[in-house]
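Colleague: sequence and computational prediction follow.
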Amino acid sequence: MAEPKSVDLRDVRAFVSAVETGSMAQAAVRLGIAKSIVSRRISQLEKALGAVMLTRMARGTSLTDAGRTYYLRAAAALAELESAQEAVGQLTTEISGQMRISVPLAFGEHCLAPLLADFAAGHPKIQLEICFEDRKADLIGEGYDLALRIGNLPDSSLITRRLATVRAAVVASPAYLDARGRPIRPAELAGYDVIIYTNATNQWRFEGPDGWEYVRVNPRLRTDNGQMMLAAARAGLGVIILPWFMAEGPVQKGELEHVLPQHSHEGGSLHLLMPPARAGIARVRALVAFLVDKFGPVI
């Protein structure tokens, strides 16, 4: 059996950068080299591997099946190598380099934006790419170093850490409540219009003076965007459960009204997620420590 051809680590870095940035031009910017060099390095990698890894298009590149398989392992291997280099070189105090982060849109805007700006100001050698998105990004496949998520997490190979409990409140516009009446018990919500998150259950759970109560609600609107949910509630489309960090301002302004204040809704949790290969990198550890210090136990 013939020995596999060796590959140049610089070629692998060029390929991984092209995948994570979406184009050879952006990869060239990230690596600080010419676009032609990036193209040549990827071609050399493809020749060494005997497979086409990227399909070249006018607007960028797309992965072939072979390229996708290779990328998932190569990106993890490069991250492991970077971690090893830090350990060998004792660079744990040298917090620098590029970091890609995924955060929920509404939570990012309300709570994280000023914190991440402070973190960046305190670490001038770090280059942050912060993606505000409500979709569940593939952290490993898309080259993320870290993500923050609210709610239940599916089983995965990611490293997870719970940061805080997220308070939630049931709210609605005063006009809607004037028209429909103000419920006294959770069970009454079964007869109200409600606004819920796309993947949320139709069964709401409350804790009150008599213990836990469950109610099956009737969604009038579903969406995967927190700002759309907030706009719908302000427009009087129904009752909604919102994290308190989103509801507090509108409640104080009189745009929304707290419903069933004597009953607490089962809130979610704020989690931090990392691909295992990223956890040992100094800049990632620094951000994790920063966020742990800023959050908890309840937000």
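Modeller: Done, it's in. Numbering: from 1, shown residues only.

Colleague: would you mind listing the buried residues in the lengthiest helix in the chain?
Modeller: Using DSSP state H to define each element, the chain has its longest helix at helix 65-89. For helix 65-89, the neighbour count (16 or more other Cβ atoms under 10 Å) marks 67, 70, 71, 74, 75, 76, 78, 79, 82, 83, 86 as buried. C-beta: built from backbone N, CA, C; applies to glycine.

Colleague: need those residues in CSV (columns: pLDDT and distance to residue 190).
Modeller: Below are the buried residues of helix 65-89 laid out as CSV (pLDDT from 0 to 100; distance: Cβ to Cβ, whole Å):
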residue, pLDDT, distance to residue 190
67, 91, 51
70, 92, 53
71, 91, 49
74, 91, 53
75, 89, 48
76, 87, 48
78, 88, 53
79, 85, 49
82, 80, 54
83, 76, 52
86, 67, 56
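
Colleague: from these, which two are the most distant?
Modeller: 67 and 86 (27.8 Å; Cβ to Cβ).

Colleague: list the contacts of the nearest residue to residue 136 once chain neighbours are set aside.
Modeller: In space, and not counting its chain neighbours, residue 136 is closest to residue 149: 7.8 Å by Cβ to Cβ, 6 or more residues apart in numbering. Residues counted as contacts of residue 149 (Cβ atoms under 8 Å, 6 or more residues apart in numbering) are 104, 136, 270, 271, 273.

Colleague: do residue 111 as well
Modeller: Contact analysis of residue 111 by Cβ under 8 Å, 6+ apart lists 245, 299.

Colleague: please apply the same query to residue 291.
Modeller: By Cβ under 8 Å, 6+ apart, the contact list for residue 291 reads 115, 148, 163, 272.

Colleague: which residues are contacting the helix or strand hosting the last one?
Modeller: This means residue 272. Assigning secondary structure by DSSP states H and E places residue 272 in strand 268-274. If you take Cβ under 8 Å, 6+ apart as the criterion, strand 268-274 is touched by 107, 139, 145-153, 158-166, 168, 243, 284, 288, 291, 295, 299.

Colleague: just the buried ones from the residues you listed?
Modeller: 107, 139, 145-150, 158, 163-164, 166, 168, 243, 284, 288, 291, 295, 299.

Colleague: nearest to residue 122, of the contacts of residue 149?
Modeller: residue 270 (21.5 Å).

Colleague: and that closest one, how close does it get to residue 166?
Modeller: 5 Å (Cβ to Cβ, to the nearest Å).

Colleague: where do the contact lists of these two overlap?
Modeller: Counting by Cβ under 8 Å, 6+ apart, the shared contacts of residue 270 and residue 166 are 150, 299.

Colleague: can you map out the helices along the stretch 51-200 of the chain?
Modeller: Assigned by DSSP state H, counting those that start in this stretch, the helices in the stretch 51-200 of the chain fall at 65-89, 105-107, 113-122, 174-180.

Colleague: I'd like the ones you listed as JSON lines, with distance to residue 196 appended.
Modeller: Output for the helices of the stretch 51-200 of the chain, formatted as JSON lines (distance: least, Cβ to Cβ, whole Å):
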{"stretch": "helix 65-89", "distance to residue 196": "34"}
{"stretch": "helix 105-107", "distance to residue 196": "15"}
{"stretch": "helix 113-122", "distance to residue 196": "26"}
{"stretch": "helix 174-180", "distance to residue 196": "15"}
